[in-house]
Structures are given as C-alpha cells and as structure tokens.
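In: Could you work out the structure for the sequence below:
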Amino acid sequence: VQLQASGGGLVQAGASLKLTCVASKLTFKYYHMGWFRQAPGKERELVASINWNDGAIYYEDSVKGRFTISRENAKDTVYLQMNSLKPDDTAVYYCAAGTDELKTTMEPAYWGRGTLVTVSS
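Out: Numbers count the residues shown, from 1 in each chain. Got it, this is the predicted structure:
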C-alpha cells in the first residue's frame, strides 16, 4: 500500500494550499481517509477525516471553517483544502487510511510519507 501526499509548501499567513493524497494497492472506497499533522515539538494530531461508509467528516477544532476534506473514490484520492492558513498550521501533514474510523489516539492502518506545510507570519 502506498499513500502519496503532495501539495505542501511555504506560504504566507492567509494563503491557501490544497493537499492531495493518491492511494495505490488499496481498496480505497472501503477505507476511512484522513490527514494528520505533526508540528515541531508537538504530538501528531488528526486534522480531518472522512468516512467511507457514511461520509461523516471530522475536523479538529482549530481548522473548522478553514479546512475542507474531500475524497474522489474514482481516483483513489483524498484532498485537504486549506484556506486562511495560520503560522500555527505549520507542520508535516500525513495522509492516513484505516478500516476503523480515524482518531488521534488510534494508529491508522496506513500512513503516507508526509508533506511539509510552512506558514510564515
């Protein structure tokens, strides 16, 4: 299984970025998908997730109203649209897939390699 994330970069506060994660060797449509992030000196946290079965979506409180997660099963792809970025959003963002609903406290079945998002003030 591979989860290939892309779309990170260096932006100024207030800008937008769209992260993309393409899955391979995975029955994508039957996996819960999500994005975690880990900032320097902090623990990894679940930022957003989208369920395969009921489409339920979760957002971490600090990104509600700014980030949007979506999936495109036909392309085995999950996206994270990030708007109004803040310096506190600076982190390595990881795509993840799981057969169980994704949570910060649970290790997902699969991780991607991560893409760095840096937001300057």
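In: quick one, what contacts residue 100?
Out: 32, 106, 108-109 (Cβ atoms under 8 Å, 6 or more residues apart in numbering). (Each C-beta comes from the backbone N, C-alpha and C, glycine too.)
In: same check, this time on residue 111
Out: Residue 111 neighbours (Cβ under 8 Å, 6+ apart): 3, 94-96.
In: ok, now how distant is residue 34 from residue 121?
Out: Distance of residue 34 to residue 121, given as Cβ to Cβ, to the nearest Å: 27 Å.
In: Those two: which is more packed in?
Out: The residue with more neighbours, out of residue 34 and residue 121, is residue 34; 28 against 9, by other Cβ atoms under 10 Å.
In: Now do the same for the more buried one: its pLDDT.
Out: As predicted, residue 34 sits at a pLDDT of 97.
In: What residues sit buried inside the helix or strand containing it?
Out: Assigning secondary structure by DSSP states H and E places residue 34 in strand 32-38. Neighbour counts over strand 32-38 (16 or more other Cβ atoms under 10 Å) mark 32-37 as buried.
In: Which secondary structure element of the protein has the lowest mean pLDDT?
Out: Ranked by mean pLDDT, DSSP states H and E, the weakest helix or strand in the chain is strand 110-111, scoring a mean of 94.
In: What pairs with it, parallel or antiparallel?
Out: Paired strands of strand 110-111, with direction, are strand 91-98 (antiparallel) (DSSP bridges).
In: in the sheet, who's paired with residue 95?
Out: Beta-bridge partners recorded for residue 95 (DSSP bridges): residue 35.
In: isn't it right up against residue 3?
Out: Yes - between residue 95 and residue 3 there is a contact under Cβ atoms under 8 Å: 4.5 Å.
In: Among the two, which residue is more densely surrounded?
Out: Legend: neighbour count by other Cβ under 10 Å for residue 95 and residue 3, higher for residue 95 (28 against 25).
In: gap between that one and residue 27?
Out: Applying Cβ to Cβ, the value for residue 95 to residue 27 is 16 Å.
In: residue contacts, the residue nearest the centre of the chain?
Out: For the chain, the residue nearest the mean C-alpha position is residue 35 (2.0 Å; Cα atoms, centre = their mean). Contact analysis of residue 35 by Cβ under 8 Å, 6+ apart lists 19, 21, 46-49, 69, 78, 80, 93-96.
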